[in-house]
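S.K.: sequence plus the predicted model coming up.
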Amino acid sequence: MRFPGVLALDRISIDFRPGEVHAVIGENGAGKSTLMNILAGDLQPDGGEIFVDGKATVISSPLVSRAAGITVVYQELALCPTLSIADNIMMSDMAVRSVTSLVPRENMRREARAALARLGMGSLDPDTKVGRLSVAEMQLVEIARAIRQNARLLVLDEPNSALSKRESDRLFEVVRQLRTEGVAVIYVSHHLSEVIDLADRITVMRDGRTIETIDNEDVSEDRLIRAMVGRDLGATVQWSLQAEGRSVDNDVVLSVENLTAPGLDDISFHVRAGEILGIGGLPDSGKDGLGEALFGLVDRKGRVAIDGVDLRPADALASIRGGMSFVPADRRGAGGLLSMSVADNVVSASLPRFSMSGFLRRGAIRREARAQVARLDARISHLGQKLATLSGGNQQKIILGRSLVTNPRVLVLHEPTRGIDVGAKAEIYSILRGIAGEGVAVVMISSEIPELILNAERVLVMRGGRISGELTGAGINEQGILARAMAS
Amino acid sequence: MADAVRTGARAPAMDRFSLSRLLRARETGVFFALLVLCIFLSIATDGFLTSLNLLNVGRQVSLLGIMAVGMTFVLISGEVDLSVGSTYAFSGLATGMLIIAGWGLMPAICVGLLTGVAIGLINGVLSTYGRLPSLIATLGMLSIVRGAALILTNGQPVTVNIRNGADAGVLETFSYMGQGYLFGIVPMQLVFFIIIAALAWIVLSYTNFGFRVFAVGGSAKAARVSGISVNTVKIWAFVLMGVLAAFAGILSLAFLPSGQAGRTGLGLELDVIAATIVGGASLSGGEGTILGTILGVLIIGVMRNGLVLMGVSPFVQELMIGLVIIIAVGIDKWTMRKRG
């Protein structure tokens, strides 16, 4: 399976047996989701064969996948919030009945109640609207629906990222019960302790390959992490090694004390002038909400200060004035103004400086845009070019330019090179190092471990909304980061 | 876990018919609003609370109501249809012209309804396979169908009478459909509205098709995953809307009995959508009931009637109707959190 320029899956072999829980683990981008999408019929492999019950099967569509007894429960749930639990569970039954037939309400309730009872959820009223359920309950409703469809292979894609401990325990009970009923359960997860607790076999993926499939007997978390790492960073000299201790004598620019916000629990750290601080962690570790909380896009408790001056919470404008600039992960949505020109994007965060009595100073805007484009080596045809027509790398350069025009003291980046090709990545890294070299405190929040290793002078690893470890210098390596991100 | 589960869905099966659930229902709020309005008008005016006036209100809202029933299906399926005012004009005028041309009643009405089917089909196909947002597709159709009506009639009024060539027997039945009274008291338009609303209620609440309309509008993804053909369901909702708009247009011509392509049903689509939304249907799909729509239609009808009885100027009436729309939907949105 190829995505443009990237081999997402590379000649993998994996088998799933009835009555087993088969965990699939791997880092971000290891190819887990691609594999699940192929099983669900959402993506087609470029080569290779899939055998169901020993018979070569082409899973050409979601319908074929379901007919083969495969059901995927995605993280983003596919439920109708406005319909009742019974309606949702029985929806696929309704789809095969005559369109003019009456809705067998009582029958549906009874069947739904039975499906729920099988999952130990008999106390749920099947008439309750799904929109009123908790995420955990919704997940169980999806599983109930899957069981109704006589799923023989049930794929749970990171099912517990939104669940509380008790809710996960309940889910595991359900999974174990399904196993005794002969269902093959594929369990995709980042949580190693759970995987070891639950799985019969564990397949480790890395860079689109299946590294190994291990029988789960006396497997340690350490053993799994070792199997997951081992990515070759090539001959690139690690800038973080050269940079170690470089900013140690500089003043602290950004200090964060007891920051608490949605998904974040009592975070404290500081960044010095000229330092690149990396923030790593799994998708549900809280790191993805850190940028928004620092910049004031969501409400927060605790203290965020630049040069000792507190920033007002939940006030992004105050953060900009206080010297912070934020580059969000969602470049096409929250990051750039796609339908506007390069020049307009560059000055869009500093409009007061580029306007007089409410009129834009076009000349000054063009001069500034030209200067930033040259500085960042952005490849554009002309300043009026729409941002949407640029490549991802060049878009990101322009967005970085917008940050630089505000003369930030602190630059917070979230997934700064997501979806950008390798060459442009290297350029972005070198720009960021240059920015840090000018004394800006840079916070780089990233899911890509190599990116942290290559650039950060210091790395904080998050887990469960808290900071679970700090790494510096030669201590910044894949194993160290993964161990603090995953192990319990 | 059993306890954790309950926090989200506290209602056990027993209180399915409980008072609290009844009070939470969207229709209840609209119903009380209508009740308050009626009580107020009974006290404030002499003429409101008479059977004659109430039946009159019933007749006045019937055409709006017939179309709002169709709109309920379209909105629940997650789409919207702006072309209904034009369909109302086109199908009515086309039927009238056929009757004038000497056609029999049933053939003329059938052709009129078929034009509604065709328009609905085009709306549906454009909004699904054509991948246009229905707002855009039906906005275009609003203009196209209105233009077609103007071309068809050459902009001239269509008046269905014997002088223009209608058969006397045909005309008598046709007029009865629009102007007659069942048992000498219930307006025929209201009879049609009641029959259509009852059928629609059964279809929406008790048939597999109704179920699919809710599923498709609630989450197209979930419906697709379950093997429901989202496009087919939506197209049928549009076709139903088209037929009902055509039928309302035919009844309108039977009542008046004349119409003009440049005027008939102009802006009617907004009244229809307003009534449906006041009745609790959601523009984002997945929500709505026939009962709610009937109440929404009645609120707007009673309001208009009451304002006339109180001698309020028609200009103020428009303003009041606008306020009702905003307040009715606003109350629902502002109290949404409490109803959870």
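M.R.: It's in. Numbering: from 1, shown residues only, chains lettered A, B, ... in the order given.

S.K.: what is the neighbour count of whichever residue of the stretch 351-488 of chain A sits closest to chain B?
M.R.: In the stretch 351-488 of chain A, no residue comes nearer to chain B than A:Gly464, which is 18.9 Å away by Cβ to the nearest Cβ. In this view, the C-beta of every residue, glycine as well, is placed from N, C-alpha and C. Neighbour count for A:Gly464, taken as other Cβ atoms under 10 Å in any protein chain shown: 13.

S.K.: mind listing what it touches?
M.R.: A:Asp265, A:Ser285, A:Gly286 (Cβ atoms under 8 Å, 6 or more residues apart in numbering or on different chains).

S.K.: quick check: domain ranges of chain A?
M.R.: Chain A is divided into the following domains under automatic domain parsing: A:2-228, A:239-486.

S.K.: low-confidence stretches in the stretch 1-150 of chain B?
M.R.: Along the stretch 1-150 of chain B, segments meeting pLDDT under 70 span B:1-26.

S.K.: same thing but at 80, please
M.R.: Applying pLDDT under 80 to the stretch 1-150 of chain B flags the ranges B:1-27, B:29.

S.K.: helices along that one, start to end?
M.R.: B:2-8, B:19-24, B:26-44, B:51-76, B:84-100, B:105-127, B:134-153 (DSSP state H, counting those that start in this stretch).

S.K.: which of these has the highest mean neighbour count?
M.R.: Most buried of those, by mean neighbour count (mean count of other Cβ atoms under 10 Å in any protein chain shown): helix B:84-100, with a mean of 29.

S.K.: list the contacts for the residue most central in space within chain B?
M.R.: Nearest to the geometric centre of chain B sits B:Ala68, at 1.1 Å (Cα atoms, centre = their mean). By Cβ under 8 Å, 6+ apart, the residues touching B:Ala68 are B:Val272, B:Ala275, B:Thr276, B:Gly279, B:Thr293, B:Gly296, B:Val297.

S.K.: could I get these as TSV with pLDDT?
M.R.: Below are those laid out as TSV (pLDDT from 0 to 100):
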residue	pLDDT
B:Val272	95
B:Ala275	93
B:Thr276	94
B:Gly279	90
B:Thr293	96
B:Gly296	94
B:Val297	95
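
S.K.: okay, among those, which ones form the most distant pair?
M.R.: B:Val272 and B:Gly279 (11.0 Å; Cβ to Cβ).

S.K.: so for A:Ala371, which of the helices of the stretch 1-150 of chain B sits nearest?
M.R.: helix B:134-153 (41.9 Å).

S.K.: hang on, the earlier thing: who wins for proximity to B:Gly169 among the domains of chain A?
M.R.: domain A:2-228 (35.7 Å).

S.K.: what mean pLDDT does that closest one have?
M.R.: Averaged across domain A:2-228, the pLDDT comes to 84.

S.K.: and it, how far out from the chain's middle?
M.R.: Using Cα atoms, centre = their mean, to the nearest Å, the mean C-alpha position of domain A:2-228 is found 19 Å from that of the whole chain.

S.K.: please export the C-alpha coordinates of stretch B:285-293 as CSV.
M.R.: Output of stretch B:285-293 as CSV, limited to C-alpha atoms (Å, rounded to 0.1, in the frame of the first residue of the first chain):
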residue,chain,number,x,y,z
GLY,B,285,-30.6,16.4,10.1
GLY,B,286,-31.7,13.4,12.2
GLU,B,287,-34.3,15.2,14.2
GLY,B,288,-38.0,16.0,13.6
THR,B,289,-41.5,14.6,13.9
ILE,B,290,-44.7,15.0,12.0
LEU,B,291,-46.5,16.0,15.2
GLY,B,292,-44.0,18.7,15.8
THR,B,293,-44.3,19.9,12.2
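
S.K.: what does it contact?
M.R.: With Cβ under 8 Å, 6+ apart as the test, stretch B:285-293 has contacts from A:80-83, B:26-27, B:30, B:65, B:68-69, B:71-72, B:75-79, B:197, B:200-201, B:204-205, B:214, B:216-219, B:275-276, B:279-282.

S.K.: before we move on, the earlier item: the contacts of B:Ala68 in helices, which ones?
M.R.: Within the contacts of B:Ala68, residues falling in helices by DSSP state H are B:Val272, B:Ala275, B:Thr276, B:Thr293, B:Gly296, B:Val297.

S.K.: quick check on A:Ile279: phi, psi?
M.R.: phi -120, psi 120 (degrees, to the nearest 10).

S.K.: and for the one 4 residues further on?
M.R.: When quoted as degrees, to the nearest 10, the phi and psi of A:Pro283 stand at phi -60, psi -30.

S.K.: how close does it get to chain B?
M.R.: 21 Å (Cβ to the nearest Cβ, to the nearest Å).

S.K.: so A:Asp87, which state does it fall into?
M.R.: helix (DSSP: H, G, I helix; E, B strand; the rest coil).

S.K.: need the contact list for A:Ile449.
M.R.: Contacts of A:Ile449 (Cβ under 8 Å, 6+ apart): A:Glu27, A:Arg231, A:Gly280, A:Glu478, A:Ile481, A:Leu482.
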